[in-house]
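Enquirer: I need the structure of the sequence given here:
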Amino acid sequence: MYIRPFEKKDTEKLLGVSSRFLDFDLLQHRDKLAMEKKQNELLEDAIQHRAHQLFVAEEDDQFLGYLEVDLQQDFFMKEQQVYIAGIATTSEAQGRGVGKELMTKAEQWAREQGVKTIVLDVFKANEHAVRFYEYAGYQQEIVKMTKTIED
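Expert: So this is what the prediction gives:
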């Protein structure tokens with residue numbers, strides 16, 4: 001397996017796999033189609049403006065997944081941190097260590113930027129992803145609470 005920088009030829013593959021971000025039950029106030037559309041808009045923006053922060057996992061020229069990283073400032077401590085804006089693998093690649101390799105790439109990129117902290121967001125209902133990140137050493141820090149008001 002090889003992790004390489006994004007190339008324009010990868011665009012459709014990235015957009016195709018980004019739908020996996022929502023492979024779980026959403027809360028009732030979330031519209032899945034609207035969320036998929038927004039996810040694609042965010043990814044298209046990254047491709048257009050921050051392609052140098054996108055990485056692709058492949059093996060034998062087969063696309064396996066991608067990683068999008070960004071720099072941001074911690075709200076409380078004002079320190080730079082790496083934000084994993086997106087990470088997804090194909091369903092065929094799931095369970096083959098691709099996600100782990102992409103997370104290792106995020107750590108490498110953080111070191112190259114001189115940053116010590118990596119953060120990401122994950123929906124609590126995406127239990128598979130939560131377990132994966134916890135196994136990778138990530139800890140839950142902030143919990144967002146949601147309530148839908150009935151008419």
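
Enquirer: sticking with residue 48, tell me its helix or strand.
Expert: Assigned by DSSP states H and E, residue 48 belongs to helix 32-49.

Enquirer: and that helix, what does it pack against?
Expert: Counting contacts by 3 or more C-beta pairs under 8 Å, 6 or more residues apart in numbering; DSSP states H and E, helix 32-49 packs against helix 11-17, strand 80-89. Yep, even glycine has a C-beta here, placed from its N, CA and C like the rest.

Enquirer: any idea how far that helix is from the chain center?
Expert: Offset of helix 32-49 from its chain centre (C-alpha atoms, centre = their mean, to the nearest Å): 12 Å.

Enquirer: export that helix to CSV, keeping only CA atoms.
Expert: C-alpha atoms of helix 32-49 as CSV (Å, rounded to 0.1, in the frame of the first residue of the first chain):
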residue,chain,number,x,y,z
LYS,A,32,-29.0,12.7,4.6
LEU,A,33,-29.2,14.1,1.0
ALA,A,34,-28.4,17.6,2.2
MET,A,35,-25.5,16.3,4.3
GLU,A,36,-24.1,14.3,1.3
LYS,A,37,-24.4,17.5,-0.8
LYS,A,38,-22.6,19.5,1.8
GLN,A,39,-19.9,16.9,2.2
ASN,A,40,-19.3,17.0,-1.6
GLU,A,41,-19.2,20.8,-1.6
LEU,A,42,-16.5,20.7,1.2
LEU,A,43,-14.5,18.1,-0.7
GLU,A,44,-14.7,20.0,-4.0
ASP,A,45,-13.6,23.2,-2.1
ALA,A,46,-10.6,21.2,-0.7
ILE,A,47,-9.7,19.9,-4.2
GLN,A,48,-9.8,23.4,-5.6
HIS,A,49,-8.1,25.3,-2.8
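
Enquirer: go through that helix and flag the buried ones.
Expert: Within helix 32-49, the residues that qualify as buried are 39, 43, 46, 47, counting by 16 or more other C-beta atoms under 10 Å.
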